[in-house]
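[1] Okay, here's the prediction I keep looking at, along with the sequence it came from:
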Amino acid sequence: MKYNIGISGATGVTGEVTLRVLTERKFPVRTLRLFASERSAGQTLRWNGDDHVVEALDDGNFKGLDLVISATSASLAREFAPRMVDAGAIVIDQSSAFRLDSDVPLVVPEINAAALAEHRGIVAGPNCTTAVAVMAVAPLHQRFGVETVISSSYQAISGKGRDGMAEFLDTSALAVRQGEALRGHESLDVPTPTQFPHVPAFNLFPQCEEFRVGEDTSTEEEKMQGEMRKMLSAPSLDVHATAVRVPVLVGHTVSLALTLTRAASQDDARQALAAFPGLRVLDEPWTKTYPTPLAAAGIDDVLVGRVRRIPFTKNGLSVFASGDNLRKGNALNAIQVAELLLGIERRA
Ligand SMILES: NC(=O)c1ccc[n+]([C@@H]2O[C@H](COP(=O)([O-])OP(=O)(O)OC[C@H]3O[C@@H](n4cnc5c(N)ncnc54)[C@H](OP(=O)(O)O)[C@@H]3O)[C@@H](O)[C@H]2O)c1
């Protein structure tokens, strides 16, 4: 059986990776329809050897679609996802619009696929950093219980979308020619960033998304607790998150300090992580073997390592994980959800 698939936000970075992953997984597509803004309407995108014309989302013509992967802003998703559902499609939404709605499942298939049974047309995918973190936390939670998480994330530039990537690459190309400025001896001569709060090249800053006036926690940092609680069915889980933007193009990394309910040895924790689907343990730091975003970019598994007990806390354990924010943090997860919803067996 083949399906009529739509991608909303097809011209963005999520759209691009979604198209790739559909091909890689030999997703049974009968027709493919691509949606973006008026600006892109009429352009063509090539997929599996054919040109596909981009349609304006605003036209609202969603008839005949079986499933839409929606990768636009949350405000556009709020407007258009219900209209797609009314037209008969299931929508997998990658924005933050519906993640915490009680009647919308928020799903990472390895963790809570059963929640899909309750969908009423819309399924949400998690925030890209939460996705990487929850993959590392879930097996430990299932085996030992996790009560608290302190997360420091090192978030890639591509989390800011296509325009963020372009600004980072342009700024980096200018900055790399200014060796004296990068050494701190002169000021850096690059345009004021429009996509980031500070120059993204050769820099990092503890701000992803926004801080409301007077608030000490960013909107990005707020997401992790609510989303993790929902996916892990752990309503009392406490999460303290610090989100840092780093000059890495693809691949989000998290350093997680956990408090477990039951004590776990380093080996027990490694075994629980290694047995979990979609995780790959890399943990021999003395041979330079540990997760890095460059190694995680372009692959489906989330990499996890640096598994350590925290000796001065009761049942404390820390881990370090890197995952592709555009794959497990986004397009891959959405397509895994689509396969489950449509009952598609993965073909080799
Ligand atoms: N990037 C990540 O790592 C990541 C991970 C998880 C979730 N997400 C979420 O996925 C969504 C997309 O993110 P992205 O990084 O792929 O963004 P992006 O690269 O900036 O792409 C945005 C897409 O939205 C379209 N769009 C913008 N304004 C529109 C309008 N008025 N009407 C219709 N379409 C419009 C753009 O079309 P045009 O080309 O026509 O402008 C483009 O296709 C966001 O909600 C984001 O939070 C992103």
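    Thanks, I have it.
[2] ok, and does stretch 84-101 reach over to the ligand?
    Yes. On the criterion Cβ under 6 Å from any ligand atom, stretch 84-101 is in touch with the ligand at 94-95. Glycine gets a C-beta too; all of them are placed from N, C-alpha and C.
[3] residue contacts, the residue of the stretch 1-150 of the chain found nearest the ligand?
    Closest to the ligand within the stretch 1-150 of the chain is residue 12: 1.9 Å, counting by Cβ to the nearest ligand atom. Contacts for residue 12 were tallied using Cβ atoms under 8 Å, 6 or more residues apart in numbering; they are 36, 71-72, 161-162.
[4] Let me know how buried residue 230 is, in neighbour terms.
    By other Cβ atoms under 10 Å, 25 other residues sit near residue 230.
[5] three-state assignment of it?
    With DSSP: H, G, I helix; E, B strand; the rest coil as the basis, residue 230 sits in helix.
[6] Nearest spatial neighbour of residue 13, chain-adjacent residues omitted?
    Leaving aside its sequence neighbours, residue 13 sits nearest to residue 162 (Cβ to Cβ, 6 or more residues apart in numbering; 4.8 Å).
[7] Help me confirm that the one you found is found in a strand?
    No. If the criterion is three-state DSSP, then residue 162 is helix and not within a strand.
[8] Run through the residues that contact the residue lying closest to residue 12 once chain neighbours are set aside.
    What sits nearest to residue 12 in space, not counting adjacent residues and going by Cβ to Cβ, 6+ apart, is residue 162, at 5.2 Å. Contact partners of residue 162, counting by Cβ under 8 Å, 6+ apart, are 11-13.
[9] Where does pLDDT dip in the stretch 151-300 of the chain?
    Of all residues in the stretch 151-300 of the chain, none has pLDDT under 70.
[10] And whichever residue of it sits closest to the ligand, how far from residue 171?
    The minimum distance from the stretch 151-300 of the chain to the ligand, using Cβ to the nearest ligand atom, falls at residue 161 (2.8 Å). To residue 171, residue 161 is 16 Å away according to Cβ to Cβ, to the nearest Å.
[11] Following element in sequence after the helix or strand containing residue 320, please.
    Using DSSP states H and E, the element containing residue 320 is strand 316-323. The C-terminal neighbour of strand 316-323 among helices and strands, as given by DSSP H and E, is helix 332-342.
[12] who touches that following helix?
    For helix 332-342, contacts defined as Cβ under 8 Å, 6+ apart pick out 3, 5, 17-18, 21-22, 25, 27, 66-67, 69, 90, 92, 94, 107-109, 113, 116, 119, 123, 125-126, 131, 300, 324, 327, 344, 346.
[13] For the residues you listed, which PyMOL command selects only the ones that are buried?
    Applying 16 or more other Cβ atoms under 10 Å to the contacts of helix 332-342, the buried members can be selected in PyMOL as follows:
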select buried, resi 3+5+17+18+21+22+25+27+66+67+69+90+92+94+107+108+109+119+123+125+126+131+300+324+327+344
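[14] follow-up on the earlier one: other SSEs contacting the strand holding residue 320?
    Applying 3 or more Cβ pairs under 8 Å, 6 or more residues apart in numbering; DSSP states H and E, we find strand 316-323 packed against helix 128-144, strand 252-260, helix 266-274, helix 293-296, strand 302-310.
[15] For the chain, which residues are neighbours of the ligand?
    By the rule Cβ under 6 Å from any ligand atom, the part of the chain lying against the ligand is 9-15, 36-37, 39-40, 57, 71-74, 76, 94-95, 128, 158-159, 161-163, 325-326, 329-330.
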